[in-house]
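# I need the structure of the sequence given here:
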Amino acid sequence: MLPKYTLPVLAAAGFLFGVFEVFTSNKPTPVAQAAAEPATSPFASFIAGAGIVEAKSENIAIGTHLAGIVKSINVKVGDRVKRGDILFSIDDRAALAELAVREADLARAKAAVGEAKAGLRDAAVLQRLAESIEDRRAISTEELDRRRNATLIAQRRLDSAEAQVLQAEAAVKESRTTLDLLQVEAPINAEVLQVNVRPGEFAQAGPLATPLMLVGNLEDLHVRVDIDENDAWRFRRESKAVAYLRGNRRFRTDLALAWVEPFVVPKRSLTGDSTERVDTRVLQVLYSFDRNKMPVFVGQQMDVFIEAPDVGRETAPIRTSPPPTPPA
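Predicted structure coming up:
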């Protein structure tokens with residue numbers, strides 16, 4: 001049998017242990033150190049925005065006019081291509097077979113034209129013979145009219161045969177155009193950024209969530225900055241702007257305005273911040289910079305700061321002059 005003080009002692013010990021655990025576990029969680037120190041603005045009053053590096057030509061998502069099985073891929077990531085170079089080819093066996101059939105139809109139509117011309121010459125000879133007879137008693141009026149009508153009919157047959165040649169030539173041209181469309185060409189002088197299709201895969205036509213290929217002109221780079229609609233009224237085209245490389249603020253470069261897209265759009269580029277609004281709209285501004293000062297890649301994020309008037313001060317109206325024209 002347990003002593004009479006055993007249970008009270010155990011209860012008191014449990015209570016004290018619980019109090020100790022409450023106090024020791026109630027300490028604030030230490031704040032994790034940042035992987036890299038965030039960039040700070042060099043301006044007293046500024047607009048901050050997240051920038052995405054993109055090609056000067058913008059990132060061009062390559063598609064195909066006609067869907068089909070990919071026959072061959074002619075480029076790889078990093079290749080430089082010129083306008084008109086073949087990027088990849090779609091299986092063209094069906095198109096080649098159709099072209100052969102239409103070329104045969106064209107040859108038959110041309111043969112029909114030769115036959116119609118011979119018929120017209122024959123009818124014309126018979127008509128001239130009939131009309132050359134001076135004695136009208138030797139040939140009836142009905143026979144003369146019949147030969148004249150035969151000449152007109154032969155002429156119309158020739159016209160129909162020539163029209164069929166034009167139709168067959170158009171069909172051949174259509175088949176050759178289809179063959180050309182099965183060869184997907186580079187639209188500009190560019191560098192291949194992504195290849196998302198392989199031989200044997202089915203390439204769909206139309207807009208795709210993941211493009212078949214991605215190309216862009218990397219001779220010059222732009223950074224596309226999203227300015228929150230609440231700060232858009234503070235933006236000035238002539239304001240200074242700087243960019244810091246995300247993850248290493250030691251890399252900094254001055255920015256030069258390329259152009260402004262004067263249409264506020266829903267925000268698509270997210271930074272991953274838990275407090276970030278995803279339902280906001282943004283004004284997109286594009287800046288150019290010297291890529292030799294920045295070890296950046298297309299698609300990389302940058303922290304951009306744009307000098308802006310103080311919120312508490314009255315400012316002049318925003319200039320409404322048209323923006324610079326984007327490159328073709």
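# The chain - how does it break down into domains?
If you go by automatic domain parsing, the domain ranges for the chain are 46-56+220-307, 60-91+183-203, 93-181.
# Can I get these in CSV including mean pLDDT?
Formatted as CSV, the domains of the chain follow (pLDDT from 0 to 100):
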stretch, mean pLDDT
domain 46-56+220-307, 84
domain 60-91+183-203, 93
domain 93-181, 90
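# For stretch 231-241, list every residue counted as buried.
Neighbour-count burial for stretch 231-241 flags 231, 234, 235, 236, 240, 241 (criterion: 16 or more other CB atoms under 10 Å). Where C-beta positions appear, they are placed from N, C-alpha and C, glycine not excepted.
# try stretch 218-228
For stretch 218-228, a neighbour-count test (16+ other CB under 10 Å) marks 218, 221, 222, 223, 224, 225, 226, 227, 228 as buried.
# Skipping adjacent residues, who's closest to the fourth one in space?
The spatial neighbour of residue 223 that comes closest, neighbours along the chain excluded (CB to CB, 6 or more residues apart in numbering), is residue 51 at 4.0 Å.
# Counting neighbours, what do you get for that neighbour?
Residue 51: 25 surrounding residues under other CB atoms under 10 Å.
# and if you look at residue 310?
11.
# I'd assumed residue 45 was in contact with it.
Yes. If you go by CB atoms under 8 Å, residue 310 and residue 45 touch, sitting 4.4 Å apart.
# Spell out the secondary structure type for residue 128.
Judged by DSSP: H, G, I helix; E, B strand; the rest coil, the three-state class of residue 128 is helix.
# how near is it to residue 38?
Using CB to CB, to the nearest Å, one obtains 99 Å as the distance from residue 128 to residue 38.
# so the residue nearest in space to the middle of the chain bridges to which residues?
Nearest to the geometric centre of the chain sits residue 61, at 3.3 Å (CA atoms, centre = their mean). In this structure, residue 61 bridges to residue 214 when assessed by DSSP bridges.
# Show me the strands in the stretch 101-250 of the chain, by range?
183-185, 190-195, 202-203, 213-216, 221-228, 241-245, 248-254 (DSSP state E, counting those that start in this stretch).
# Sheet partners, orientation included, of the third one?
So the one you mean is strand 202-203. strand 68-73 (antiparallel).
# Over to the second one?
Using DSSP bridges, the strands paired with strand 190-195 in its sheet are strand 80-81 (antiparallel), strand 213-216 (antiparallel).
# Now tabulate those in TSV and tack on mean neighbour count.
Shown next, in TSV, are the strands paired with strand 190-195 (neighbours: other CB atoms under 10 Å):
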stretch	mean neighbour count
strand 80-81	16
strand 213-216	23
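# can you list the domains of the chain in CSV and add distance to residue 11?
Shown next, in CSV, are the domains of the chain (distance: least, CB to CB, whole Å):
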stretch, distance to residue 11
domain 46-56+220-307, 44
domain 60-91+183-203, 68
domain 93-181, 86
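# Who's the closest spatial neighbour of residue 69, skipping the chain neighbours?
Nearest-residue entry for residue 69: residue 91, 4.5 Å, with adjacent residues in sequence omitted and distances by CB to CB, 6+ apart.
# can you pull the contacts of the one you found?
Applying CB atoms under 8 Å, 6 or more residues apart in numbering to residue 91 gives the contacts 68, 69, 70, 71, 182.
# Nearest to residue 100 among those residues?
Nearest to residue 100 among these is residue 182, at 15.5 Å by CB to CB.
# my read: the closest one touches residue 90, true?
Yes. In this structure, residue 182 is within contact of residue 90 by CB under 8 Å, at 4.1 Å.
# Quick check: neighbours shared by the two?
With CB under 8 Å, 6+ apart, residue 182 and residue 90 have common neighbours 66, 68.
# host element of residue 263?
Assessed by DSSP states H and E, residue 263 sits inside strand 256-266.
# and the angle for that strand with strand 221-228?
Inter-element angle recorded for strand 256-266 and strand 221-228: 40 degrees (by axes from the mean of the first three to the mean of the last three CA atoms, to 10 degrees).
# Output strand 256-266 as PDB - backbone C-alpha positions only.
Extracted in PDB, the C-alpha atoms of strand 256-266 (Å, rounded to 0.1, in the frame of the first residue of the first chain):
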ATOM      1  CA  ALA A 256      17.500  53.800 -69.300                       C
ATOM      2  CA  LEU A 257      13.900  54.000 -70.200                       C
ATOM      3  CA  ALA A 258      13.000  52.000 -73.300                       C
ATOM      4  CA  TRP A 259       9.300  52.500 -73.400                       C
ATOM      5  CA  VAL A 260       6.100  52.400 -71.300                       C
ATOM      6  CA  GLU A 261       3.200  50.200 -72.000                       C
ATOM      7  CA  PRO A 262       0.400  52.600 -71.200                       C
ATOM      8  CA  PHE A 263      -2.100  49.900 -70.300                       C
ATOM      9  CA  VAL A 264      -2.500  48.700 -66.700                       C
ATOM     10  CA  VAL A 265      -2.800  45.000 -66.600                       C
ATOM     11  CA  PRO A 266      -3.300  42.300 -63.900                       C
END
